[in-house]
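> Model the following, please.
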Amino acid sequence: MATTASQASLAPRASTAPTFAALARRAAAALAGAAVLCAAGAPVAAADSPAPAAQASKLPDGLYGTKDPKFDGVWRQSLALLAQRTAGVRPSVTGVDWLAGQQCSDGAFSAYRADPATACDDKTMRDTNQTGAAVQALAALGGHDDAVQKAVKWLKSVQNDDGGWPSMSGSPSDANSTSVVIGALKAAGQKPESVQKGGKSPYDALVTFQLGCDAKEGERGAFAFQPEDGKLAPNADATAAAVLGGLGDGFVVDPAGKDVNAPVKPLKCDGGAADKDARRDPKQAAEGGAAYLAAVLGANGQHLKSAMPGAGDQPDVGNTADAVVALAAGSHGDAAQAPLKWLEKNSANWAKEAGPAAYAQLVLAAHAAGADPRSFGGADLVAQLNATGPKPAGSSAPSAAPEKDAQNQDEQNSGVWWIFGIVFVASIGAGFLLSGRRKKSDV
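Next comes the predicted model:
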C-alpha cells in the first residue's frame, strides 16, 4: 500500500510505495536510471532514501515523512491522508493543502514540486500514478471537486490506444498504472468501462497482462507488469494491483473480515471459447489473479518475496500488504487472514524505516481484512502514521490495546530483517505498487 517507487517499481506499492502504485518501485527506477522511471508506473524507493540534514530541514510544512520526496512525495502524502481518513482521523489542513498545491494547471501531478508557485512546464515529469493517488485521496477527503475533475481530464488525455496507461505519458501501458487510474476514475465518480481510447477501455488493456492457460500451471492467472520481449512474466506486485483494478477498486476497500469466506477460484482452463471469454471479463481475470496470490502466499509461508536485485529470499512486506487488500477486495477474507497475521509479526521494523506510505499500506491492509489498525501486532498503526506528519485536525480513537515495548518489537522482527538494510533502498517507496514491477516475481 510497497514507486516512484512508482517510477521504478522499486520504490512506489508503493512495496511500500508506490509500491499498489508505482512509487516505491520508482526508487528502483531512480537507481536504475531515468529510462526505468519512465517505464515503471509508480514511485521509487530511492525516493525514500534519507535526505541530507540540510535538505530535510527545507522540506515544506504539511509534508509527511522526513526523507527526500523527489520521487514519491505526492504518492506517500496521498496514501497517508487516505489511510488517516479511512481510520477515522481528520487530517491536518496543512497536509491536505500541500497535496492540493502540488497539482499542475493542466490537472496532472508530478512526484514532487519544491516550489508550487512556479508553473509546471514541459520539463515537469507528470505521472499517472502520482495523479491517480492524489485523485483517490482528494476525492475521499471531499471539498476538492475541481481539482479531482481536472486531474481526471488530464488522465483521459494521456490514455493509450490500448485503453491503458503507463506511468509516464508516451510509454507502453502497464498493469500497475492502469489499475491505479481505474481506482482514480471510480473515486471520481466515473465509469472506467466508459473511458475509452480507440474503442478500448482500461479493462480491455488490463486483461492483456494476464497469463492464461498456455502458461505454466503455477503461473496461470498471474499478471505481468507489461510484456518483456513479447512475453508475459508473472509479477506478484502487478497481480495485486490488477486484482483491485479488475474489480474496479482503489486503495481502500470495504472490510472483508475473517468470516467472509468466498472460495478462491483459479483461472479456468477447461478449454474452448467459454474459458477465453471468461478471461476477458475483468472480474473473472481478477479472480484468477487472487487465486495466484493465494497460492504463492501459501507456498512462501504467507508472505511474498522481493523481486529486487540482490534481495535474495527477502520478504516483500509492502507487496504482501497489497496482496491482503486484493484478497479482501475479492471477498476472500479468510484467505487474507494468514498473510495479515504474518504482517502483524513482521512489519514493524520495515514500516519504521520506510515511513508514512508503509504505515498507510498497513492501515489499509488491516482495514480491508477487518482488523483493528490501532491494535496491530501490539502497535497502534494510526498513531505511528500520525506521528510522521502534521498533527491531525481531529483526534482518532486510542489504541484498543497497549503497544508492546520497543524491546519486544525488536525481538519480534529481528529474525526477518537482519539483512533488510542491504536492499531497503531498492524495495521501499510508496506502496501499493512497490515491489519490482519490471522484474519477475520471485515465487
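
> Skipping its backbone neighbours, what lies nearest Gly163 in space?
Sequence neighbours aside, Lys200 is the residue nearest to Gly163 in space, at 3.2 Å (criterion: CB to CB, 6 or more residues apart in numbering). C-beta: built from backbone N, CA, C; applies to glycine.

> Show me the beta-bridge partners of the one you found.
Counting by DSSP bridges, Lys200 forms beta bridges with Lys197.

> give me every residue that touches it.
Remark: with contacts taken as CB atoms under 8 Å, 6 or more residues apart in numbering, Lys200 is in contact with 161-164.

> go on, Pro356?
By CB under 8 Å, 6+ apart, the contact set of Pro356 is 64-65, 76-77, 79-80, 385, 388-389.

> repeat that for 10 Å
When the contact criterion is CB atoms under 10 Å, 6 or more residues apart in numbering, the partners of Pro356 are 16-17, 48, 63-67, 72, 75-77, 79-81, 83-84, 384-389, 430.

> got a pLDDT number for the residue nearest to Gly163?
The confidence metric pLDDT takes the value 97 at Lys200.

> do Cys269 as well
In this model, Cys269 carries a pLDDT of 82.

> repeat for Leu247
97.

> Settle this for me: it is touching Asp281, isn't it.
No. Between Leu247 and Asp281 there is no contact, the gap being 11.3 Å when judged by CB atoms under 10 Å.

> so what's in contact with those two at the same time?
Listed as contacting both Leu247 and Asp281 by CB under 10 Å, 6+ apart are Glu287.

> out of those two, which sits in the busier spot?
In this view Leu247 and Asp281 are compared by other CB atoms under 10 Å, and Leu247 has more residues nearby, 24 against 13.

> Stretch 106-126: end-to-end distance?
10 Å (CA to CA, to the nearest Å).

> With stretch 186-202 instead?
The first-to-last residue distance of stretch 186-202 comes to 12 Å (CA to CA).

> can you pull the contacts of the closest residue to Ala366 other than its chain neighbours?
On the basis of CB to CB, 6+ apart, the spatially nearest residue to Ala366 that is not a chain neighbour turns out to be Pro373, at 4.1 Å. Pro373 is in contact with 83, 86-88, 359-360, 362-367, 379-385, 396, 399-400, counting by CB under 10 Å, 6+ apart.

> got any ranges where the stretch 151-300 of the chain has weak pLDDT?
In the predicted model, the stretch 151-300 of the chain carries pLDDT under 70 at residues 257-259, 271-279.

> Strands along the protein, start to end?
Taking DSSP state E as the criterion, the chain contains strands spanning 17-18, 304-305, 315-316, 431-433.

> Surely Val382 touches Gly394?
No. Between Val382 and Gly394 there is no contact under CB under 10 Å: 12.0 Å.

> joint contacts of those two?
Shared contacts of Val382 and Gly394, defined by CB under 10 Å, 6+ apart, comprise 84, 88-89.

> Now a ChimeraX select for only the buried ones of these.
Selecting only the buried members of the shared contacts of Val382 and Gly394 in ChimeraX, with burial defined as 16 or more other CB atoms under 10 Å, works like this:
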select :84,89
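
> Just the ones of the shared contacts of Val382 and Gly394 in helices?
Among those, DSSP state H puts Gln84 in helices.

> quick check, nearest of the shared contacts of Val382 and Gly394 to Ser194?
For Ser194, the nearest member of these is Gln84. The distance, counting by CB to CB, is 31.2 Å.

> and the spatially closest residue to that closest one that is not a sequence neighbour, what is it in contact with?
Spatially, and ignoring its direct neighbours in sequence, Gln84 is nearest to Pro91 (4.9 Å; CB to CB, 6+ apart). In this structure, Pro91 makes contact with 62, 64, 77, 80-85, 99, 137, 141, 386, 389-394, judged by CB under 10 Å, 6+ apart.

> Okay, now the unreliable bits of the stretch 301-443 of the chain?
Within the stretch 301-443 of the chain, the segments meeting pLDDT under 70 span 309, 311, 395-443.

> now the helices for it?
Secondary structure of the stretch 301-443 of the chain (DSSP state H, counting those that start in this stretch): helices located at 317-329, 333-346, 348-354, 356-368, 381-386, 406-417, 420-423.

> in the third one, what counts as buried?
Of the residues in helix 348-354, those buried by neighbour count under the rule 16+ other CB under 10 Å are 348-351, 353-354.

> Columns distance to Asp214 on top of the residues you listed, output as CSV?
Output for these, formatted as CSV (distance: CB to CB, whole Å):
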residue, distance to Asp214
Ala348, 42
Asn349, 41
Trp350, 37
Ala351, 39
Glu353, 41
Ala354, 38
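
> Many thanks, I have nothing further to ask.
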